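> Turn this into a model:
(one chain, ligands or ions: 3)
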Amino acid sequence: MESSHIILPPDDDEEEQRRREEEDEDPWARSVLPPAAPELPFSASCVRISRDSYPNLRALRNASSVSLADAAYVKISEGDFGYVLDDVPHLADYLPDAPTYPNPLQDHPAYSTVRQYFVNEDDNVPQKVVVQKNSRRGIHFRCAGPRQRVYFGSDEVKACIVTCGGLCPGLNTVIRELVCGLSHMYNVNKIYGIQNGYKGFYSSNYLTLTPKSVNDIHKRGGTILGTSRGGHDTKKIVDNIQDRGINQVYIIGGDGTQKGAYEICKEIRKRGLKVSVAGIPKTIDNDIAIIDKSFGFDTAVEEAQRAINSAHVEACSAENGIGLVKLMGRYSGFIAMYATLASRDVDCCLIPESPFYMDGEGGLLQYIEKRLKESKHMVIVVAEGAGQDLIAKSLATSEQQDASGNKLLLDIGLWLTHKIKDYFKIKKMEMTIKYIDPTYMIRAIPSNASDNVYCTLLSHSAIHGAMAGYSCTVGIVNGRHAYIPFYRVTSTRNKVKITDRMWARLLSSTNQPSFLSPKDIDEAKETDDRMANRPPLPTGISHHHAASSFDQTASSSSSTNGET
Ligand SMILES: Nc1ncnc2c1ncn2[C@@H]1O[C@H](COP(=O)(O)OP(=O)(O)OP(=O)(O)O)[C@@H](O)[C@H]1O
Ligand SMILES: O=P(O)(O)OC[C@H]1O[C@](O)(CO)[C@@H](O)[C@@H]1O
Ligand SMILES: [Mg+2]
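Ligands and ions are numbered 1, 2, ... in the order given. As a prediction, the model looks like this:
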């Protein structure tokens, strides 16, 4: 089987070159062909694609969301039948002579009895599992798990852990499992906690973490390390990593955090440091691309039931009672959708992905009136990011951002409450509305049992990957743990597809109107088509592979968005 490890050609556009020089980008990444990755799944060769062989590089870059700077770090191998391995960076890419050691797990009393404990180097996880007879095999990610040989001796490891972004159930479990996993599986005893997010790398003391000090933390919500938004200064962070001799960095956080982890990873490589960076994706909103589901999501959906139940009780106990619950979900309405589907008491669910309107025929207010007349009560669940365009139009406020540059949202729950009250006042129809905002309550709790197990597996994948010399994000793809390139999880956002069966199921369960005009539906379908046809980053270097493998971006099955 033929395979090639593709490095993108230097872009000889003068303007681009000047920009790169100004930004002090890693010259190595563009000008030197790295040695063959140590663990390519089959006999592989590195191939430099000349600019002539792909004249449309700039167009491709524009069409995909991968910048040229990112493309320089992309490792693509191609095989038969449209097989594409989207591999992750490895220490040996730039430190070819780094020594390796036998994995200490082979002598571990608990693990040594496991048959086939080490991951076969040929094992990869397909992004697309639903195939047709003539489908191309498409994109694959490297299987997570322990390798026969590791790139760090146990005594040599100096690991650190940081949590960034908003809270999420399970953060403490991941911290605990990283510390215990490193210690118990790999005999590592130098583990540090960075306090209060990225800025803690350069502005706070590091905490010493031991299995004893983290033993009970999974029973608490939040993060014992503290977290923050903003404060990502790549150079200062890497200076500190270098000064303190840290060689494994475990970074827990959402899409912003993973972007930061990627910047750190690139800076480390630019300086030629022997440091692995492992990203553990965290987001209560479940908006991280590629992975099936993020940890803490199930816990959040479960906790949201308590708020929905209260809203239902309040609504049922009043004449024309309305219970309105706001749940988190800045750009993605997964929590609202799943909490609604699980509850069965909800009459209307509003999410950012599905536009709605208030007034007139078929609008939300008319639907509420109809529902109250039919059943005398009603429960509405709204994701915090829903209807932001409507509020902005009616309140004319200026846009504000948090320290990380995320847009600060206006309170859709409060706005809807006023609008609904005003409507029924004019109609002279008696009603009561109770607005419940449990948003912080659903993310400040400890993770439930299944999320706890999930956190353990993610942490172990991260540890095995870092020990083996990889730098990447870990996550479940189609139920299998995989190592995913940073750029993959940060270049798009996971969103509820309103053209999928899951959203149709929700509409049929609540019996709400879709509020969509034919134009909205066409636009949603167009977006799906665009996503499906978008060429896969630099893989487009070979067009037939590109066309085939990217059709799974839209159809990749994920347990929260997949079709069943
Ligand atoms: N493009 C980026 N490059 C480097 N660092 C970034 C980038 N975007 C965000 N960060 C940093 O990542 C950290 C977390 O980002 P952010 O506040 O957006 O939360 P998040 O990781 O997306 O999690 P959440 O799910 O809570 O939104 C911040 O310290 C921020 O400075
Ligand atoms: O108020 P904070 O801490 O910035 O977090 C709010 C945001 O964090 C999230 O929970 C994502 O982590 C969003 O749903 C929400 O908009
Ligand atoms: Mg985010």
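> And the residue of the stretch 251-400 of the chain closest to ligand 2?
The stretch 251-400 of the chain approaches ligand 2 most closely through Met328 (3.5 Å), counting by CB to the nearest ligand atom. Every residue, glycine included, has its C-beta placed from N, CA and C.
> Then the stretch 101-250 of the chain?
Gly166 (3.0 Å).
> Doesn't that residue belong to a helix?
No. If the criterion is DSSP: H, G, I helix; E, B strand; the rest coil, then Gly166 is coil and not within a helix.
> residue contacts, it?
Contact analysis of Gly166 by CB atoms under 8 Å, 6 or more residues apart in numbering lists 227, 229, 254, 284, 443.
> ok, now with 10 Å
By CB atoms under 10 Å, 6 or more residues apart in numbering, the contact list for Gly166 reads 227, 229, 253-254, 256, 282-285, 328, 330, 402, 404, 406, 440, 443.
> Quick check, pLDDT for it.
For Gly166, the pLDDT comes out at 96.
> Can you tell me how far it is from ligand 1?
Distance of Gly166 to ligand 1, computed by CB to the nearest ligand atom, to the nearest Å: 3 Å.
> before we move on, the earlier item: which ones are touching the residue of the stretch 251-400 of the chain closest to ligand 2?
Neighbouring residues of Met328 by CB under 10 Å, 6+ apart: 166, 168, 283-286, 300, 304, 334-336, 383-385, 438-440, 442-443.
> dump the residue contacts of the residue of the stretch 101-250 of the chain found nearest ligand 1.
Taking CB to the nearest ligand atom as the measure, the stretch 101-250 of the chain has Gly165 as its residue closest to ligand 1, at 2.4 Å. Neighbour list for Gly165: 171, 197-198, 227-229, 252-258, 260, 282-284, 404, 406 [criterion: CB under 10 Å, 6+ apart].
> Mark which of those residues are part of helices, please.
When DSSP state H defines the helices, the subset of the contacts of Gly165 inside them is 171, 255-258, 260.
> and the residues you listed near ligand 2, which?
When the ones in helices among the contacts of Gly165 are checked against ligand 2 using CB under 6 Å from any ligand atom, none falls in range.
> Please pick the buried ones from the contacts of Met328.
Buried members of the contacts of Met328, counted by 16 or more other CB atoms under 10 Å: 166, 168, 283-286, 300, 304, 334-336, 383-385, 438-439, 442-443.
> Next up, the contacts around the residue of the stretch 351-500 of the chain found nearest ligand 1.
Nearest residue of the stretch 351-500 of the chain to ligand 1 (CB to the nearest ligand atom) works out as Ser404 at 3.2 Å. Contacts for Ser404 were tallied using CB under 10 Å, 6+ apart; they are 164-166, 197-198, 228-232, 254-257, 259-260.
> Closest one of those residues to Arg493?
Distance to Arg493 across the contacts of Ser404 (CB to CB) is lowest for Asp255, with 6.6 Å.
> What score does that closest one have for pLDDT?
pLDDT at Asp255 comes out at 94.
> swap in Gln552?
Looking at Gln552, its pLDDT reads 32.
> cool, Pro34 as well?
35.
> Same question for Asn56.
Listed pLDDT for Asn56 reads 33.
> Could I get the contacting residues of the most centrally placed residue in the chain?
Among the residues of the chain, the one closest to the centroid is Ile288, at 2.2 Å (CA atoms, centre = their mean). Contacts for Ile288 (CB under 10 Å, 6+ apart) come out as 253-255, 257-258, 279, 281-282, 294, 332, 473, 475, 484, 489-490, 492-494.
> ditto for Gly245
So Gly245 contacts 156, 158, 190, 275 (CB under 10 Å, 6+ apart).
> just to confirm, which helix or strand has it in it?
Assessed by DSSP states H and E, Gly245 sits outside every helix and strand.
> Distance of it relative to Glu156?
10 Å (CB to CB, to the nearest Å).
> Which neighbours do these two have in common?
Lys190.
> Which residues of this protein lie near ligand 3?
Within reach of ligand 3 by CB under 5 Å from the ion, the chain has these residues: 254-256.
> Make CSV from those residues and add neighbour count to it.
Listed next are the residues of the chain next to ligand 3 as CSV, based on neighbours: other CB atoms under 10 Å:
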residue, neighbour count
Gly254, 24
Asp255, 24
Gly256, 21
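> OK, contacts around the nearest residue to Leu395 once chain neighbours are set aside?
Distances taken as CB to CB, 6 or more residues apart in numbering put Leu410 closest to Leu395, at 6.7 Å, once the chain neighbours are dropped. Leu410 is in contact with 384, 387-388, 390-392, 394-395, 397, 399-400, counting by CB under 10 Å, 6+ apart.
> so what's the backbone phi/psi at Leu410?
In terms of degrees, to the nearest 10, the main-chain angles of Leu410 are phi -90, psi 150.
> same thing with Cys180?
Torsion angles at Cys180 (phi, psi; degrees, to the nearest 10) stand at phi -70, psi -40.
> does Asp123 really touch Pro146, like I thought?
No. Using CB atoms under 10 Å, Asp123 makes no contact with Pro146, being 11.9 Å away.
> re earlier: which members of the contacts of Gly166 occur in strands, if any?
Gly253 (DSSP state E).
> biggest separation within the contacts of Gly166, which pair?
Maximum distance among the contacts of Gly166 (CB to CB): 18.8 Å, for Gly256 and Tyr440.
> what about the closest residue to ligand 2 within the stretch 451-564 of the chain, how many neighbours?
For the stretch 451-564 of the chain and ligand 2, the shortest gap (CB to the nearest ligand atom) falls at Arg493, measuring 11.8 Å. Residues near Arg493, counting by other CB atoms under 10 Å, number 15.
> try the one 5 residues further on
Residues contacting Ile498 under the criterion other CB under 10 Å number 24.
> Just the pLDDT for it.
In this model, Ile498 is scored at 93, pLDDT.
> Verify the contact between it and Leu350 for me.
No. Counting by CB under 10 Å, Ile498 sits too far from Leu350 to count as a contact (11.8 Å).
> what does the stretch 351-500 of the chain have sitting close to ligand 2?
Contact residues, the stretch 351-500 of the chain versus ligand 2 (CB under 6 Å from any ligand atom): 384, 402, 443.
> what would these look like in JSON lines with distance to Ser317?
Shown next, in JSON lines, are those (distance: CB to CB, whole Å):
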{"residue": "Glu384", "distance to Ser317": "26"}
{"residue": "Asp402", "distance to Ser317": "38"}
{"residue": "Arg443", "distance to Ser317": "28"}
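> so which of the residues you listed comes closest to Leu516?
Nearest to Leu516 among these is Glu384, at 20.7 Å by CB to CB.
> Val346 versus the closest one, what's the distance?
Counting by CB to CB, the gap from Glu384 to Val346 is 16 Å.
> what about stretch 321-331 and ligand 1, touching?
No. Using CB under 6 Å from any ligand atom, we find that stretch 321-331 stays clear of ligand 1, coming within 7.0 Å at best.
> Let's see that stretch as PDB, backbone CA atoms only.
Taking Å, rounded to 0.1, in the frame of the first residue of the first chain, the C-alpha atoms of stretch 321-331 are listed here in PDB:
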ATOM      1  CA  GLY A 321     -48.900  29.400  33.900                       C
ATOM      2  CA  ILE A 322     -45.800  29.600  31.900                       C
ATOM      3  CA  GLY A 323     -42.500  28.200  33.200                       C
ATOM      4  CA  LEU A 324     -39.500  29.600  31.300                       C
ATOM      5  CA  VAL A 325     -36.000  28.000  31.800                       C
ATOM      6  CA  LYS A 326     -32.800  29.500  30.400                       C
ATOM      7  CA  LEU A 327     -30.000  27.000  29.800                       C
ATOM      8  CA  MET A 328     -26.400  27.500  28.700                       C
ATOM      9  CA  GLY A 329     -25.400  27.300  25.000                       C
ATOM     10  CA  ARG A 330     -23.700  30.300  23.500                       C
ATOM     11  CA  TYR A 331     -23.700  29.200  19.900                       C
END
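> so how far is it off the chain centroid?
Chain-centre distance of stretch 321-331: 23 Å, with CA atoms, centre = their mean, to the nearest Å.
> any idea of the mean pLDDT for that stretch?
Average pLDDT, stretch 321-331: 97.
> thinking again about what came up before, contacting residues for the residue of the stretch 451-564 of the chain closest to ligand 2?
Taking CB under 10 Å, 6+ apart, we find Arg493 in contact with 255, 283, 285, 287-289, 330-332.
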